[in-house]
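# Sequence and predicted structure below; questions after.
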Amino acid sequence: MTETFDSRQGEGKLTGTQSHFIRLAGCNLRCWFCDTPYASWAPEGDSESIDRIIERMERSECRHVVLTGGEPLMFKQVTELAERIRRTGRHLTIETAGTLAPPITADLMSISPKLASSGPEHGCQDAATMPVEMAPDQLARWQTMHEQRRFAPQAIASLIADSVDYQIKFVLDTPADTAETLELIRQIDVAADHVWIMPQGVTVDQLRQQARWLQPWCRQHGFHYCDRMHIHWYGNRRGT
């Protein structure tokens, strides 16, 4: 596990909700724009028992819990962890890329399918733009694995069916991403009201620039615009 902390949820339908975050370390994808490389590209942290994670959660006053990563659904024990969180009466959000579908239930399943432009080759042209330095052969392997894994509509359908509520979040970097986004939404067959569109960016200026073209496009298609409010509130830093 990488970290636990209390903060306000910065994305999606529960934006502004005070929440206890549990961030697991490890990911089966390598998005070039990942803002938590310490939980994906180069996972940090030590193994912890479920008892210890629950104990820390119960010391928090937050009634909302967010299980995130990395990719939290990678781990066999995550089903038990989710069940035990929900048995305490807390509301559980699970943040996932939707590439895996273990038997698990959340009060809100927050699924973020990845577009073709998310792969490491698109933003990692040199070491300076990589979230973590990686040898060329290792990067090439991850490019292939990322593309093979990034979109799993059957897993998404299973996660939606097994949870109380859900939201689908897409990260868009440029207007060139819009056509593929519409196609993936068609493939997973979800209503526009469940779709949240998020700008790629890690500074307030970047987010504001992206909003100029992305907000009108969302209104055109009936999607929610999903700003990254934690960056507006706290900046791009850990523990938020």
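Done, it's in.

# where exactly do the strands run in the protein?
Under the criterion DSSP state E, the chain contains strands at 3-8, 18-23, 64-68, 91-96, 108-111, 166-172, 195-199, 224-225.

# Ok, which of those strands comes nearest residue 237?
strand 3-8 (10.6 Å; Cβ to Cβ). Glycine gets a C-beta too; all of them are placed from N, C-alpha and C.

# And that closest one, what does it pack against?
Other helices and strands packing on strand 3-8, by 3 or more Cβ pairs under 8 Å, 6 or more residues apart in numbering; DSSP states H and E, are strand 18-23, helix 50-59, helix 229-234.

# May I have stretch 8-24 as PDB, with CA atoms only?
The C-alpha trace of stretch 8-24 is given here as PDB (Å, rounded to 0.1, in the frame of the first residue of the first chain):
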ATOM      1  CA  ARG A   8     -11.900  16.200  -0.300                       C
ATOM      2  CA  GLN A   9     -12.900  14.200  -3.400                       C
ATOM      3  CA  GLY A  10     -11.800  16.200  -6.400                       C
ATOM      4  CA  GLU A  11     -13.400  14.400  -9.300                       C
ATOM      5  CA  GLY A  12     -16.800  13.100 -10.400                       C
ATOM      6  CA  LYS A  13     -20.300  13.200  -8.800                       C
ATOM      7  CA  LEU A  14     -19.000  13.300  -5.200                       C
ATOM      8  CA  THR A  15     -16.700  16.300  -5.800                       C
ATOM      9  CA  GLY A  16     -16.200  18.100  -2.500                       C
ATOM     10  CA  THR A  17     -17.100  15.200  -0.300                       C
ATOM     11  CA  GLN A  18     -14.700  14.700   2.600                       C
ATOM     12  CA  SER A  19     -13.300  11.200   2.200                       C
ATOM     13  CA  HIS A  20     -10.700   8.800   3.500                       C
ATOM     14  CA  PHE A  21      -8.500   7.600   0.700                       C
ATOM     15  CA  ILE A  22      -6.800   4.200   0.600                       C
ATOM     16  CA  ARG A  23      -4.200   4.200  -2.200                       C
ATOM     17  CA  LEU A  24      -2.900   0.700  -3.200                       C
END
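
# Count the neighbours of residue 210 for me.
19 (other Cβ atoms under 10 Å).

# Now for it: which residues touch it?
With contact set as Cβ atoms under 8 Å, 6 or more residues apart in numbering, residue 210 has these partners: 172, 199-201.

# Just name the most buried of the helices and strands packed on strand 3-8.
Most buried of those, by mean neighbour count (mean count of other Cβ atoms under 10 Å): strand 18-23, with a mean of 22.

# partners of that strand in the sheet?
Partner strands for strand 18-23, per DSSP bridges, with pairing direction: strand 3-8 (antiparallel), strand 64-68 (parallel).
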